[in-house]
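Asker: Got a predicted model here, sequence first, then my questions.
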Amino acid sequence: MISGAGSAAETEWELSGNTSDDGDDVDLQNPTRILINGWGTNAGDPSAEGEWNGHGREGVQVYDTANDDRYLYRGGDWRGPF
């Protein structure tokens with residue numbers, strides 16, 4: 001369950017429960033990959049290393065924290081750097 005309350009400037013969120021149907025719980029305190037407005041971060045080229053390696057969704061973009069590059073997931077592959 002994901003819920004929220006409050007104004008845009010001050011919002012409190014509660015995240016709880018199993019977010020998948022396979023019985024695996026998701027660690028909401030230490031997530032692996034997070035997107036904010038379609039952007040995430042990755043340590044290195046996501047086609048070769050980092051938390052986004054082997055993962056992606058059409059249109060997702062990541063900022064490479066190791067090399068100051070940007071990558072885009074398009075057509076099932078990571079594109080870049082840009």
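Answerer: Good, I have the coordinates. Residues are numbered from 1 along each chain as shown.
Asker: List of residues touching stretch 45-54?
Answerer: 32-33, 40, 42-44, 55-56, 60, 62, 64, 67, 69, 71, 73, 77-78, 80-81 (Cβ atoms under 8 Å, 6 or more residues apart in numbering). (C-beta placed from N, C-alpha, C; glycine too.)
Asker: Next, the distance between the ends of that stretch.
Answerer: Its start and end residues considered, stretch 45-54 measures 11 Å (Cα to Cα, to the nearest Å).
Asker: Now do the buried residues in that stretch.
Answerer: Across stretch 45-54, burial judged by 16 or more other Cβ atoms under 10 Å covers D45, P46, S47, G50, E51, W52.
Asker: what's near enough to touch T32?
Answerer: Contacts of T32 (Cβ under 8 Å, 6+ apart): E51.
Asker: Next one: it, what pLDDT does it get?
Answerer: If you check T32, the pLDDT there is 78.
Asker: go on, N53?
Answerer: You'll see N53 listed with a pLDDT of 95.
Asker: can you give me phi and psi for it?
Answerer: Dihedral angles of N53 (phi, psi; degrees, to the nearest 10) stand at phi -60, psi 120.
Asker: next one: W78
Answerer: According to degrees, to the nearest 10, W78 has phi -80, psi 130.
Asker: thought it was touching E58?
Answerer: No: contact criterion Cβ atoms under 8 Å: W78 and E58 do not qualify, at 11.6 Å.
Asker: So for these two, which residue has more residues nearby?
Answerer: Neighbours were tallied for W78 and for E58 using other Cβ atoms under 10 Å; the higher tally belongs to W78 (21 against 9).
Asker: for G44, what are its contacts?
Answerer: G50, D64, A66, N67.
Asker: of all those residues, which two lie farthest apart?
Answerer: Spanning the widest gap among the contacts of G44 are G50 and N67, at 10.8 Å by Cβ to Cβ.
Asker: show me what contacts E58?
Answerer: If you count contacts by Cβ under 8 Å, 6+ apart, E58 has them with Y73, R74, G75.
Asker: Find the helix or strand that it is a member of.
Answerer: Here E58 is covered by no helix or strand, with elements defined by DSSP states H and E.
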